[in-house]
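K.L.:
Make a model of this:
(2 chains)
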Amino acid sequence: MNIFVARLNFKTSQEDLEAAFAKFGQVSSAKIVKDRDTGRSKGFGFVEMATDEEGNKAIAALNETELDGRTIVVKPANPKGNN
DNA sequence: GCTGAGCGA
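P.N.:
All right, here's what the predicted structure looks like:
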């Protein structure tokens, strides 16, 4: 399940995300959206959970919670669906 | 070095 995580701390890394989500479920993959040129964090990222049930409970558990000192927003991500 | 709504290369 793809999960959209926003309002992250600019210091938060991908391993921080997967570590936070791994506490509530199995994280298949985690990625922080960074700038293509500078490589700085855009402040949001995506977390892919192994199953939707773990994804939903991870969202409910981490949504509007504190991560790295900042309150994050966790919600289902939108399909890319554009080729 | 910085900011703070929003959906990735």
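K.L.:
Please, where are all the helices along chain A?
P.N.:
Under the criterion DSSP state H, chain A carries helices at the ranges A:14-22, A:52-62.
K.L.:
buried residues in the longest one?
P.N.:
Residues of helix A:52-62 classed as buried by neighbour count (16 or more other CB atoms under 10 Å): A:54-55, A:58-59, A:62. C-betas here are computed from N, CA, C, even on glycine.
K.L.:
For DNA strand B, which of the helices of chain A is the nearest?
P.N.:
Evaluated over the helices of chain A, closeness to DNA strand B peaks at helix A:14-22, with 9.8 Å, by CB to the nearest atom of the strand.
K.L.:
in the closest one, what counts as buried?
P.N.:
Neighbour-count burial for helix A:14-22, counted by 16+ other CB under 10 Å, picks out A:14, A:16-18, A:20-22.
K.L.:
Please report the distance of A:Val27 from DNA strand B.
P.N.:
For A:Val27, the distance to DNA strand B equals 12 Å [CB to the nearest atom of the strand, to the nearest Å].
K.L.:
Next one: that residue from A:Val74, what distance?
P.N.:
Using CB to CB, to the nearest Å, one gets 13 Å for the distance from A:Val27 to A:Val74.
K.L.:
A:Phe10 now?
P.N.:
Using CB to CB, one obtains 17 Å as the distance from A:Phe10 to A:Val74.
K.L.:
Give me the more crowded residue out of the two.
P.N.:
Higher neighbour count among A:Phe10 and A:Val74: A:Val74, with 25 against 11, using other CB atoms under 10 Å.
K.L.:
I'd say that one and A:Asn63 touch.
P.N.:
Yes - under the criterion of CB atoms under 8 Å, A:Val74 lies in contact with A:Asn63, with a separation of 4.1 Å.
K.L.:
A:Gln26 contacts A:Val47, doesn't it?
P.N.:
No - using CB under 8 Å, A:Gln26 is not in contact with A:Val47; the gap is 11.0 Å.
K.L.:
and chain A, which residues reach DNA strand B?
P.N.:
A:2, A:4, A:6-10, A:31, A:33-34, A:36, A:40-44, A:46, A:48, A:70, A:73, A:75-78, A:80 (CB under 7 Å from any atom of the strand).
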